[in-house]
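Student: Whatever this is, show me its structure:
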Amino acid sequence: MKKMIAFSALLMLAGTAQAQHSHGHQKGPNGGEIQDVAGVHAEVIVKGDTVTLYITEEGGKPSSTKGYSGSALVAAGNAKETLNLSPAGENQLSGQAKQAISSKANVTILFKTAAGKTGQIKHSVHGH
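Tutor: As a prediction, the model looks like this:
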């Protein structure tokens with residue numbers, strides 16, 4: 001319940017989130033679509049039970065996620081789970097679900113950069 005309250009609060013903050021836009025279906029180094037959001041390039045990868053957000057600068061240079069925070073709402077049918085996303089590796093935010101994420105799931109990611117900018121990304125797992 002606390003996670004859902006925290007996610008709801010983060011959703012309210014998303015009202016001030018910077019708009020996202022795609023790079024014309026440009027693929028990132030990990031195979032996901034690159035999106036501009038909150039002043040960074042973001043690439044979402046969902047594999048098994050893990051949601052990973054890769055952060056890069058213009059030109060694909062990895063950008064540190066130190067000081068970043070985030071969450072992901074994974075929804076498939078009536079099943080919903082909120083994951084905390086934590087810095088992992090050089091340029092990642094990552095969170096793990098209780099079980100494998102369905103290929104029919106939709107994932108909404110909310111994150112905050114170290115500079116305090118907020119961003120939101122919506123990602124459909126199918127076809128990825």
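
Student: Nearest to the spatial middle of this protein, which residue is it?
Tutor: Ile109 (3.9 Å; CA atoms, centre = their mean).

Student: Let's verify that one: helix, strand, or coil?
Tutor: strand (DSSP: H, G, I helix; E, B strand; the rest coil).

Student: so it makes contact with Tyr68?
Tutor: No - with contacts counted by CB atoms under 8 Å, Ile109 stays clear of Tyr68, the gap being 11.4 Å. The C-beta positions use only the backbone N, C-alpha and C, and glycine is treated the same way.

Student: Number of residues surrounding Gln99?
Tutor: Residues contacting Gln99 under the criterion other CB atoms under 10 Å number 10.

Student: Is it correct that it is in contact with Asp49?
Tutor: Yes - using CB under 8 Å, Gln99 is in contact with Asp49, at 6.0 Å.

Student: Could you pull out the buried residues of the strand ranked longest in the chain?
Tutor: Counting residues, the longest strand in the chain under DSSP state E turns out to be strand 79-88. Residues of strand 79-88 classed as buried by neighbour count (16 or more other CB atoms under 10 Å): Glu81, Thr82, Leu83, Leu85, Pro87.

Student: Report pLDDT for His25.
Tutor: We have a pLDDT of 63 for His25.

Student: The one 10 residues further on too?
Tutor: Gln35 is assigned 94 on the pLDDT scale.

Student: Please report the distance of it from Thr118.
Tutor: Distance of Gln35 to Thr118, given as CB to CB, to the nearest Å: 14 Å.

Student: One more: Glu90?
Tutor: From Glu90 to Thr118 the distance is 22 Å (CB to CB).

Student: More neighbours: which of the two?
Tutor: Thr118 (19 against 12).

Student: Make sure Gln35 is actually in contact with His41.
Tutor: Yes - Gln35 is within contact range of His41, at 7.1 Å (criterion: CB under 8 Å).

Student: The nearest residue to Gly60 once chain neighbours are set aside is in what secondary structure piece?
Tutor: Leaving aside its sequence neighbours, Gly60 sits nearest to Pro29 (CB to CB, 6 or more residues apart in numbering; 6.3 Å). For Pro29, there is no host helix or strand (DSSP states H and E).
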